[in-house]
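# Sequence and predicted model, in that order:
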Amino acid sequence: MRIDVVTIFPGYFDALELSLMGKARDRGLIDLHVHDLRESAHDKHRTVDDTPTGGGAGMVMKPEPWGQAIDGILADAQSAPAAEPLIIFPSPAGDVFTQAMARELATEDHLVFGCGRYEGIDQRVFDEYAERGRVRLVSIGDYVLNGGEVASIAMIEAIGRLLPGVVGNPDSLVEESHESGLLEYPSYTKPAEWRGRRVPDVLLSGNHAAIDAWRHEQSVERTRRVRPDLLGD
Ligand SMILES: NC(=O)c1ccno1
(Lines give C-alpha, C1' and ligand atoms only; values in the text may rest on other atoms or scores of the structure.)
Protein backbone atom coordinates (compact mmCIF):
# COMPACT_ATOMS: atom_id res chain seq x y z
CA MET A 1 0.00 0.00 0.00
CA ARG A 2 1.13 3.48 -0.88
CA ILE A 3 0.37 6.13 1.73
CA ASP A 4 0.97 9.85 1.21
CA VAL A 5 0.68 12.37 4.03
CA VAL A 6 0.49 16.15 3.59
CA THR A 7 1.32 18.15 6.74
CA ILE A 8 3.10 21.26 8.00
CA PHE A 9 4.68 19.08 10.70
CA PRO A 10 6.44 16.18 8.89
CA GLY A 11 8.35 15.31 12.07
CA TYR A 12 5.20 13.86 13.65
CA PHE A 13 5.50 10.95 11.22
CA ASP A 14 8.94 9.91 12.43
CA ALA A 15 6.91 7.71 14.79
CA LEU A 16 6.05 5.54 11.79
CA GLU A 17 9.72 4.60 11.43
CA LEU A 18 9.44 2.56 14.64
CA SER A 19 8.27 -0.95 15.50
CA LEU A 20 5.90 -2.83 13.19
CA MET A 21 5.21 0.14 10.94
CA GLY A 22 8.93 0.73 10.46
CA LYS A 23 9.52 -2.93 9.68
CA ALA A 24 6.59 -2.95 7.24
CA ARG A 25 8.14 0.03 5.44
CA ASP A 26 11.56 -1.63 5.36
CA ARG A 27 9.95 -4.71 3.81
CA GLY A 28 8.08 -2.67 1.22
CA LEU A 29 4.63 -3.57 2.59
CA ILE A 30 3.92 0.12 3.17
CA ASP A 31 5.31 2.84 0.88
CA LEU A 32 4.99 6.02 2.96
CA HIS A 33 5.62 9.47 1.48
CA VAL A 34 5.45 12.47 3.85
CA HIS A 35 5.06 15.87 2.16
CA ASP A 36 5.68 19.24 3.86
CA LEU A 37 2.80 21.47 2.77
CA ARG A 38 5.10 24.52 3.01
CA GLU A 39 7.06 23.10 0.05
CA SER A 40 3.92 23.89 -1.97
CA ALA A 41 3.69 27.49 -0.71
CA HIS A 42 5.85 29.77 -2.84
CA ASP A 43 5.62 33.22 -1.31
CA LYS A 44 8.63 34.49 0.62
CA HIS A 45 7.29 33.28 3.96
CA ARG A 46 5.83 30.00 2.61
CA THR A 47 2.41 31.08 3.85
CA VAL A 48 -0.16 28.30 4.22
CA ASP A 49 -2.93 30.14 6.10
CA ASP A 50 -4.92 33.36 6.09
CA THR A 51 -7.75 35.02 8.01
CA PRO A 52 -11.25 33.52 7.73
CA THR A 53 -13.39 35.17 5.05
CA GLY A 54 -16.46 36.53 6.79
CA GLY A 55 -14.55 37.06 10.02
CA GLY A 56 -14.08 34.82 13.03
CA ALA A 57 -11.25 33.63 15.21
CA GLY A 58 -8.09 31.89 14.09
CA MET A 59 -6.72 31.20 10.63
CA VAL A 60 -7.83 29.00 7.72
CA MET A 61 -5.46 26.98 5.52
CA LYS A 62 -5.19 28.48 2.03
CA PRO A 63 -6.37 26.34 -0.93
CA GLU A 64 -3.42 27.03 -3.28
CA PRO A 65 -0.71 25.07 -1.41
CA TRP A 66 -3.10 22.19 -0.86
CA GLY A 67 -4.00 22.14 -4.54
CA GLN A 68 -0.38 22.02 -5.59
CA ALA A 69 0.54 19.36 -3.01
CA ILE A 70 -2.35 17.02 -3.80
CA ASP A 71 -2.08 17.54 -7.58
CA GLY A 72 1.57 16.54 -7.29
CA ILE A 73 0.66 13.34 -5.45
CA LEU A 74 -2.08 12.46 -7.94
CA ALA A 75 0.26 13.08 -10.88
CA ASP A 76 2.93 10.89 -9.29
CA ALA A 77 0.36 8.17 -8.58
CA GLN A 78 -0.80 8.20 -12.20
CA SER A 79 2.71 7.17 -13.17
CA ALA A 80 2.34 4.08 -10.96
CA PRO A 81 -0.14 1.22 -11.66
CA ALA A 82 -2.33 1.76 -8.63
CA ALA A 83 -6.03 2.43 -8.24
CA GLU A 84 -7.23 6.00 -7.85
CA PRO A 85 -6.21 7.14 -4.35
CA LEU A 86 -8.67 7.79 -1.56
CA ILE A 87 -7.99 11.17 0.08
CA ILE A 88 -8.72 11.22 3.82
CA PHE A 89 -8.94 14.45 5.81
CA PRO A 90 -8.99 13.77 9.58
CA SER A 91 -11.72 15.93 11.07
CA PRO A 92 -13.97 15.90 14.16
CA ALA A 93 -16.74 16.54 11.62
CA GLY A 94 -16.02 13.27 9.80
CA ASP A 95 -17.37 9.71 9.77
CA VAL A 96 -16.17 7.93 12.93
CA PHE A 97 -13.20 5.64 12.31
CA THR A 98 -13.87 2.04 13.42
CA GLN A 99 -12.18 -1.33 13.11
CA ALA A 100 -14.61 -2.12 10.29
CA MET A 101 -13.49 1.06 8.48
CA ALA A 102 -9.85 0.10 9.10
CA ARG A 103 -10.48 -3.24 7.42
CA GLU A 104 -12.26 -1.52 4.53
CA LEU A 105 -9.42 0.98 4.06
CA ALA A 106 -6.81 -1.81 4.28
CA THR A 107 -8.08 -3.01 0.90
CA GLU A 108 -7.13 0.28 -0.79
CA ASP A 109 -3.99 0.50 -2.96
CA HIS A 110 -3.29 4.16 -2.21
CA LEU A 111 -4.35 6.43 0.64
CA VAL A 112 -3.62 10.15 0.98
CA PHE A 113 -3.96 11.82 4.38
CA GLY A 114 -4.40 15.61 4.40
CA CYS A 115 -3.56 16.99 7.85
CA GLY A 116 -5.34 20.26 8.53
CA ARG A 117 -4.25 22.74 11.18
CA TYR A 118 -5.51 26.03 12.57
CA GLU A 119 -9.29 26.38 12.06
CA GLY A 120 -9.19 23.95 9.17
CA ILE A 121 -8.71 23.83 5.41
CA ASP A 122 -10.56 26.05 2.90
CA GLN A 123 -13.74 24.12 1.96
CA ARG A 124 -12.92 24.45 -1.74
CA VAL A 125 -10.08 21.94 -1.32
CA PHE A 126 -12.56 19.27 -0.22
CA ASP A 127 -14.95 20.28 -3.03
CA GLU A 128 -12.20 20.20 -5.66
CA TYR A 129 -11.02 16.69 -4.88
CA ALA A 130 -14.46 15.30 -4.16
CA GLU A 131 -15.38 16.29 -7.74
CA ARG A 132 -12.16 14.87 -9.19
CA GLY A 133 -11.94 11.71 -7.13
CA ARG A 134 -12.71 10.18 -3.74
CA VAL A 135 -12.55 12.16 -0.49
CA ARG A 136 -13.57 11.19 3.05
CA LEU A 137 -13.57 13.25 6.24
CA VAL A 138 -12.83 10.81 9.08
CA SER A 139 -12.87 11.33 12.85
CA ILE A 140 -11.04 9.15 15.36
CA GLY A 141 -13.45 10.23 18.08
CA ASP A 142 -15.70 12.94 19.44
CA TYR A 143 -12.97 15.33 20.54
CA VAL A 144 -10.81 17.99 18.89
CA LEU A 145 -7.07 17.77 18.28
CA ASN A 146 -4.77 20.59 17.20
CA GLY A 147 -4.43 19.06 13.76
CA GLY A 148 -4.82 15.95 11.68
CA GLU A 149 -1.37 14.45 12.30
CA VAL A 150 -2.11 12.39 15.42
CA ALA A 151 -5.38 11.12 13.93
CA SER A 152 -3.56 10.17 10.70
CA ILE A 153 -0.90 8.23 12.61
CA ALA A 154 -3.60 6.37 14.54
CA MET A 155 -5.45 5.46 11.35
CA ILE A 156 -2.28 4.52 9.46
CA GLU A 157 -1.30 2.16 12.28
CA ALA A 158 -4.80 0.66 12.57
CA ILE A 159 -4.93 0.11 8.80
CA GLY A 160 -1.29 -0.83 8.26
CA ARG A 161 -1.29 -3.61 10.87
CA LEU A 162 -4.07 -5.34 8.96
CA LEU A 163 -2.03 -5.61 5.75
CA PRO A 164 -0.82 -9.13 4.98
CA GLY A 165 2.63 -9.80 6.43
CA VAL A 166 2.79 -6.80 8.76
CA VAL A 167 1.82 -8.61 11.97
CA GLY A 168 3.89 -11.77 12.51
CA ASN A 169 1.02 -14.05 13.48
CA PRO A 170 -2.21 -13.13 11.64
CA ASP A 171 -4.13 -15.20 14.21
CA SER A 172 -3.40 -12.43 16.72
CA LEU A 173 -5.62 -10.13 14.67
CA VAL A 174 -8.64 -12.37 15.01
CA GLU A 175 -9.46 -12.22 18.74
CA GLU A 176 -8.90 -8.50 19.18
CA SER A 177 -11.39 -6.01 20.51
CA HIS A 178 -13.98 -4.93 17.94
CA GLU A 179 -13.09 -7.73 15.50
CA SER A 180 -15.89 -10.01 16.70
CA GLY A 181 -18.14 -7.22 17.91
CA LEU A 182 -16.88 -7.87 21.45
CA LEU A 183 -14.09 -6.44 23.57
CA GLU A 184 -11.08 -8.66 24.05
CA TYR A 185 -10.89 -10.97 27.10
CA PRO A 186 -8.26 -10.25 29.82
CA SER A 187 -4.80 -11.69 29.18
CA TYR A 188 -2.29 -13.24 31.60
CA THR A 189 1.24 -14.63 31.42
CA LYS A 190 3.85 -16.02 33.83
CA PRO A 191 4.31 -16.07 36.81
CA ALA A 192 1.18 -17.99 37.90
CA GLU A 193 1.08 -15.79 41.03
CA TRP A 194 2.18 -12.17 41.39
CA ARG A 195 1.79 -10.20 44.64
CA GLY A 196 -0.77 -12.74 45.81
CA ARG A 197 -2.77 -12.45 42.60
CA ARG A 198 -3.21 -15.79 40.85
CA VAL A 199 -3.86 -16.42 37.18
CA PRO A 200 -7.43 -17.84 36.81
CA ASP A 201 -7.22 -21.61 37.38
CA VAL A 202 -9.04 -22.39 34.11
CA LEU A 203 -6.12 -20.92 32.14
CA LEU A 204 -3.77 -23.38 33.88
CA SER A 205 -6.09 -26.36 33.32
CA GLY A 206 -4.95 -27.33 29.82
CA ASN A 207 -8.64 -27.78 28.97
CA HIS A 208 -8.82 -25.72 25.79
CA ALA A 209 -12.61 -26.01 25.42
CA ALA A 210 -13.03 -24.67 28.96
CA ILE A 211 -10.45 -21.94 28.30
CA ASP A 212 -12.22 -20.85 25.10
CA ALA A 213 -15.59 -20.80 26.91
CA TRP A 214 -14.14 -18.77 29.79
CA ARG A 215 -12.54 -16.27 27.39
CA HIS A 216 -15.79 -15.80 25.46
CA GLU A 217 -17.67 -15.31 28.73
CA GLN A 218 -15.10 -12.74 29.83
CA SER A 219 -15.41 -10.91 26.50
CA VAL A 220 -19.18 -10.73 26.78
CA GLU A 221 -19.03 -9.60 30.42
CA ARG A 222 -16.41 -6.92 29.69
CA THR A 223 -18.36 -5.71 26.66
CA ARG A 224 -21.63 -5.52 28.61
CA ARG A 225 -19.86 -3.60 31.40
CA VAL A 226 -17.76 -1.20 29.28
CA ARG A 227 -19.53 -0.97 25.89
CA PRO A 228 -23.16 -2.19 26.16
CA ASP A 229 -23.80 -0.31 22.92
CA LEU A 230 -21.79 -2.96 21.08
CA LEU A 231 -24.30 -5.58 22.29
CA GLY A 232 -27.26 -3.51 21.20
CA ASP A 233 -28.23 -3.17 24.89
N1 LIG B 1 -11.38 13.86 16.23
C2 LIG B 1 -10.56 13.87 15.16
O3 LIG B 1 -10.40 12.89 14.40
C4 LIG B 1 -9.80 15.10 14.89
C5 LIG B 1 -8.99 15.36 13.80
C6 LIG B 1 -8.50 16.65 13.99
N7 LIG B 1 -9.02 17.12 15.15
O8 LIG B 1 -9.81 16.17 15.70
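Yep, that arrived.

# contact partners of stretch 176-183?
98-100, 173-174, 184, 219-220, 222-223, 226-227, 230 (Cβ atoms under 8 Å, 6 or more residues apart in numbering). All C-beta spots, glycine's among them, are computed from the backbone N, C-alpha and C.

# Please spell out the PyMOL selection for the buried subset of these.
Selecting just the buried residues from the contacts of stretch 176-183 in PyMOL takes one command, with 16 or more other Cβ atoms under 10 Å as the test:
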select buried, resi 184+219+222+223
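
# Is it possible to get the contacts of stretch 176-183 out as TSV so that each row also shows distance to Arg124 and pLDDT?
Converted to TSV, these look like this (distance: Cβ to Cβ, whole Å; pLDDT from 0 to 100):
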residue	distance to Arg124	pLDDT
Thr98	29	96
Gln99	33	95
Ala100	31	95
Leu173	39	79
Val174	43	73
Glu184	43	95
Ser219	46	97
Val220	48	97
Arg222	46	97
Thr223	43	97
Val226	42	97
Arg227	39	96
Leu230	38	94
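
# Just the contacts of stretch 176-183: which are in helices?
The members of those that map onto helices under DSSP state H are Gln99, Ala100, Ser219, Val220, Arg222, Thr223, Val226.

# Just give me the closest of the contacts of stretch 176-183 to the ligand.
Proximity of the contacts of stretch 176-183 to the ligand was ranked by Cβ to the nearest ligand atom; the top entry is Thr98 with 12.4 Å.

# out of everything not next to it in sequence, what's closest to that closest one?
Closest residue to Thr98 apart from its sequence neighbours, by Cβ to Cβ, 6 or more residues apart in numbering: His178 at 7.0 Å.

# so where do the strands sit in this protein?
Along the chain, the segments classed as strands by DSSP state E run 2-7, 31-36, 49-50, 60-61, 86-96, 110-114, 134-139, 193-194, 197-198.

# Output the contacting helices and strands for the fourth one.
It refers to strand 60-61. With contacts taken as 3 or more Cβ pairs under 8 Å, 6 or more residues apart in numbering; DSSP states H and E, strand 60-61 sits against strand 49-50.

# again, 6 Å this time
The criterion is 3 or more Cβ pairs under 6 Å, 6 or more residues apart in numbering; DSSP states H and E, and there are no helices or strands that strand 60-61 contacts.

# what about it and the ligand, touching?
No: contact of strand 60-61 with the ligand (Cβ under 6 Å from any ligand atom) is absent, the minimum separation being 12.6 Å.
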